[in-house]
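[1] here are the coordinates; sequence isn't available:
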DNA sequence: CTAATTTGCCTAAAGGCTTTAGGCAACTGA
DNA sequence: TCAGTTGCCTAAAGCCTTTAGGCAAATTAG
């Protein structure tokens, strides 16, 4: 019997694509096996279990996001950086909804600490360095930024804005603008 | 054979409790049957299917949230109202993580339009009436508020803040403060 | 270039959740 | 009390996960 040439890598990548097609929580070892035209059990030598597979997809997504953000931030600062960063997330979420959902997958602390999520947090702090905020304000601001971006995208992708005529893109720009203003004018209380 | 006295109501309520215990996506018709000491198939006369059950739990959560928000908002306005509203969500999310997750369950448009989610959107707009924002700014602001609140809570509950020493409560208060300032001083661009 | 070893994919099988079909007993109301 | 409705049950099929054990293909060693 010819071998299919499956690797953990390929499996993860295929899982990410599947996620974008059918949604992250519809990603199933069985479906992947079908796509590789291989029996389900065969995949268990490449991946520990379903949770492991999802974790890998999540890590891939976090990596991709961090890479894009790094590229977007190069040479920018201030509001420019903030907007580029925010747009990176929105674009990614819209282009790869499944992967974006995967990036939200709950990782155990150890895995999370070794993930590209750390790079993302670092970038957020770097952006905030453009607005001078002392600690703990900076941490508060990091959390707010993370919250708005994730929350807004989650609502938008979930269809939460479809009942109003206002263009989500406009709201997004408005929000970035508002956040910039807020951070610039924040004097501490 | 004695009857168990199961109703759609009780099932939904038990489902909500189960969600708080094990997480919304671990809510299963089978587990519910076990808890009612009844065969699984029996539940299918009270609930169409698993999706139907989850929808009902989501609607229950949305209702509860809207009720709490309504109560919290009574007699308040301005920042006071904003803070009370935001705190309502945070308290609910912390007390009932499973239900809170359920409230994020993707409902089909018709169901969503008939849900208490509409009341919540209305309350957000009511709060914003305390800050005078013309359209479409008001809509942008509604989306930003919804985004921050949901996004922040989702990150907090997901354990996203556990690596820093800063108290999430403090960040929360800081963010509410910041949003109030932002909305108060927003002059349009 | 074989022979030995590793490794990839397979069959088999058990366990869990979902959902439908059909049946009988327990309530309900006339 | 008797007919009708309703609630819970058994049976069964379909799909997903995960483990165990086996054979053959690829790789490494002699």
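    Done, it's in. Since the model is a prediction, treat every value here as computed from it, not as a measurement.

[2] can you list the residues of chain A near DNA strand D?
    A:1-3, A:28-31, A:40-41, A:44, A:48-51 (C-beta under 7 Å from any atom of the strand). The C-beta positions use only the backbone N, C-alpha and C, and glycine is treated the same way.

[3] what sits up against the helix or strand hosting residue A:123?
    Secondary structure from DSSP states H and E places residue A:123 in helix A:117-128. Applying C-beta atoms under 8 Å, 6 or more residues apart in numbering or on different chains, the external contacts of helix A:117-128 come out as A:62, A:65-66, A:69-70, A:73, A:77, A:81-82, A:85, A:107, A:112, A:138, A:141-142, A:145-146, A:183.

[4] which phi and psi does residue A:7 have?
    phi -130, psi 160 (degrees, to the nearest 10).

[5] Residue A:77: neighbouring residues, count only.
    Look at residue A:77: counted by other C-beta atoms under 10 Å in any protein chain shown, it has 13 neighbours.

[6] so the spatially closest residue to it that is not a sequence neighbour, which of the three states?
    Nearest residue to residue A:77 in three dimensions, chain neighbours excluded: residue A:130, at 4.9 Å (C-beta to C-beta, 6 or more residues apart in numbering or on different chains). Assigned with DSSP: H, G, I helix; E, B strand; the rest coil, residue A:130 falls in the coil class.

[7] hang on, residue A:130 packs against residue A:76?
    No. The pair residue A:130 / residue A:76 is not scored as a contact, 9.2 Å apart, by C-beta atoms under 8 Å.

[8] Helices of chain A, residue ranges please.
    For chain A, the helices defined by DSSP state H cover A:8-22, A:29-36, A:40-43, A:50-73, A:78-95, A:97-103, A:109-113, A:117-128, A:137-157, A:168-185.

[9] Compile these into TSV and extend it with columns for mean neighbour count and mean pLDDT.
    Below are these laid out as TSV (neighbours: other C-beta atoms under 10 Å in any protein chain shown; pLDDT from 0 to 100):
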stretch	mean neighbour count	mean pLDDT
helix A:8-22	18	97
helix A:29-36	16	97
helix A:40-43	14	97
helix A:50-73	19	98
helix A:78-95	18	97
helix A:97-103	23	98
helix A:109-113	13	94
helix A:117-128	18	96
helix A:137-157	22	97
helix A:168-185	18	96
